[in-house]
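A.B. asks: model this:
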Amino acid sequence: MKQEYVMGNGAIALGALAAGVGLVSGYPGTPSSEIIETVAGHPHENVHIEWSVNEKAALEVAASASYAGARTLVTMKQVGLNVASDPLMSLAYVGVKGGMVIVSADDPGPISSQTEQDTRKFAEFCRIPVFDPSSPEEAYEMIQDAFDYSEKYRTPVLFRPTTRICHAYAAIEVKEQTKARPWSGFEKDSKRWVIFPRLSFANHAMIEKRNPEIGKDFSDSRYNSIEQEEGSRETKAIVTAGISYAYAKEFWNNHREIRLCKIGTPHPLPESFILRALEGIEEVICVEELSPYLETELLKIIGKYQLHIKVYGKLTGHMPASGENDASSVADVLQAFFHTEGKEERLELSDMPELPMRPPVLCAGCPHRASFYAVKTAMKGQKSYFCGDIGCYTLGNAMPLDMVDTCLCMGAGITMAQGFHWTDEEGKCFAFVGDSTFFASGMTGVVNAVYNEADMTLCVLDNSTTAMTGHQPHPGTGRNMMGHVVEKVDIERVLRGMGVQKIVIVNPLELNKAVETVKECAELPGVKAIIFQSPCVAITKPEGYLTVHENCIQCKKCIREIGCPALVLEEGKTAIDPMLCTGCGLCSQICPVDAIGGERHE
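C.D. replies: Residues are numbered from 1 along each chain as shown. Prediction:
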């Protein structure tokens, strides 16, 4: 064994390699993206790795590999689990042969997501086991056991790290396993692998009989623990899980008269373990993030066995109903609940200055800013609907651009623009989608628009990468995660094959041409597509920057119109920060007196 200092996502990846995983698939999504990248960056003989076009595709690729006996890992974030839910619900009934672990990284806060949904509830809904690691070290060990459980019970299992587990760092003792385990191959058996109502009925009954057995198995799991002072007779307890266990443990270290219970395998619930943990307890508080999952399950057990125990948590208002926990907030809650004095060391922050506001913003030189501005300029004075999507370009909602009227979920901008058309045929309807999102979930909406004769303009913001989640490749980039150069999937040809008749490719940084293109397309009936094509500034090497010349009249139009972070005020006058400017030239095309020119970087 050797020691590596890795991120939590890296620990999950290395744990999967140690378990002999044979196929890894997924779709980028913070906070889970680094898992696949870590697998690709380490020795992985005979392991197939891919960024799939979306989470549904990733799970279906892994399903057949698992049918053939390979151990498979599928990665996504919690909202990606929604996309994968169609095959997952059926796969829960059909089962697997080789171990399958589905990592669904939850995002309390949320920090970088649309929702705060809780994967534990999803596991309960589809009746499959879920593992809830409390540290990167535990995640490394736990995911190896998750593969074993998957094979033992022939079921996919969910693995639920949260943001603070995914992005924490720790030193991990890593095993040398780097080769995929040999798999036995697919055995044809339509009675097992083809999901028909009769099979579903029988397997549903099997699942309901099996899950209590898994719960009994989980009751002896090393990931569930009871911590108490030897010989003490506590009457109060903390029940916790995940990263909240680490926060509660900090409090418990100074208050050991309280029992601390950790549940690392929340579903199926380890009932026997919980009954042991509650022996002699009169009051318990549940410390968890997102849903009151543990709290609700405790209430069920207490009711089932008619125990005289009071349960507190989110449902009673003792814990916050939403958002993240941290060590300080948990300590405050527990001190108030147990009526203890604070013994925890706190940093003195009373004299610290307020942190500056740092709202998310499109990068200086981002071509998306130019695309939005071109559409805004072309549609000035006309009633228009601007439907956004998930990606960097969601930041187009910020002032002064103010170009995202709606953002629901991946791919929804395209279909929502159609809904606006059917309710207001006079308005001009625009849908903005990135190149990666187009492949992930945008194409269905385009077909729907063509088939149903909608009137809308599709704006594909093609910056040649999956920028928001870390610049992962996608079908339009010409390379994949196996390191192979592959044929690029051409968005224009795809659109033409779908029946879109008017397709124009334009560089958004050529402002006048882009504006005229938008005007032309907006006046045409039916479905039109503009592919705004310019690479992400994070994957290009700018050679120069712009400066403001002496003939500037200080109208500040450049600042007011586009909000580029490289445009600043110095002593009340317009200036350009050369450390931020990429020389894209958008501001120079806006300036009414040609007062912005270029310089080369030294």
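
A.B. asks: burial of the spatially closest residue to Ile263 that is not a sequence neighbour, as a residue count?
C.D. replies: Of all residues not flanking Ile263 in the chain, Ala241 sits nearest, at 4.8 Å (C-beta to C-beta, 6 or more residues apart in numbering). The way it works is simple: take the backbone N, C-alpha and C, and place the C-beta from them, glycine included. Close neighbours of Ala241, defined as other C-beta atoms under 10 Å, add up to 26.

A.B. asks: is Ala241 in contact with Pro133, as I believe?
C.D. replies: No - in this structure, Ala241 is not within contact of Pro133 by C-beta atoms under 8 Å, at 9.4 Å.

A.B. asks: what do the two both touch?
C.D. replies: Gly264 (C-beta atoms under 8 Å, 6 or more residues apart in numbering).

A.B. asks: who touches the residue nearest to Ile263 in this structure?
C.D. replies: By C-beta under 8 Å, 6+ apart, the neighbours of Ala241 are Asp132, Ser134, Lys262, Ile263, Gly264, Pro266, Glu288, Leu294.

A.B. asks: tell me the spacing between it and His318.
C.D. replies: 16 Å (C-beta to C-beta, to the nearest Å).

A.B. asks: repeat that for Ile243.
C.D. replies: 19 Å.

A.B. asks: between these two, which one's more packed in?
C.D. replies: Ranked by neighbour count (other C-beta under 10 Å), Ile243 and His318 place Ile243 first, with 27 against 17.

A.B. asks: tell me what the helix or strand hosting that one is packed against?
C.D. replies: Using DSSP states H and E, Ile243 sits in helix 242-252. Counting by 3 or more C-beta pairs under 8 Å, 6 or more residues apart in numbering; DSSP states H and E, the packing neighbours recorded for helix 242-252 are helix 163-166, strand 236-240, strand 259-262, strand 283-287, helix 327-338.

A.B. asks: so of the ones you listed, which one's packed in deepest?
C.D. replies: helix 163-166 (a mean of 26; mean count of other C-beta atoms under 10 Å).

A.B. asks: quick one: mean pLDDT for that one?
C.D. replies: Per-residue pLDDT over helix 163-166 has a mean of 96.

A.B. asks: from the chain's centroid, how far away is it?
C.D. replies: 12 Å (C-alpha atoms, centre = their mean, to the nearest Å).

A.B. asks: check stretch 291-309 too.
C.D. replies: 31 Å.

A.B. asks: and the average pLDDT for that stretch is what?
C.D. replies: Stretch 291-309 comes out at a mean pLDDT of 96.

A.B. asks: contact partners of that stretch?
C.D. replies: 118, 120-121, 124, 239-241, 263, 266, 269, 271, 274-275, 278, 281-284, 286, 288, 311-315, 319.

A.B. asks: on contacts alone, who are the packing partners of the longest helix anywhere in the chain?
C.D. replies: Selection of the longest helix in the chain by residue count, based on DSSP state H, yields helix 197-218. Applying 3+ C-beta pairs under 8 Å, 6+ apart, one finds that helix 197-218 contacts helix 78-94, helix 136-153, helix 271-277.
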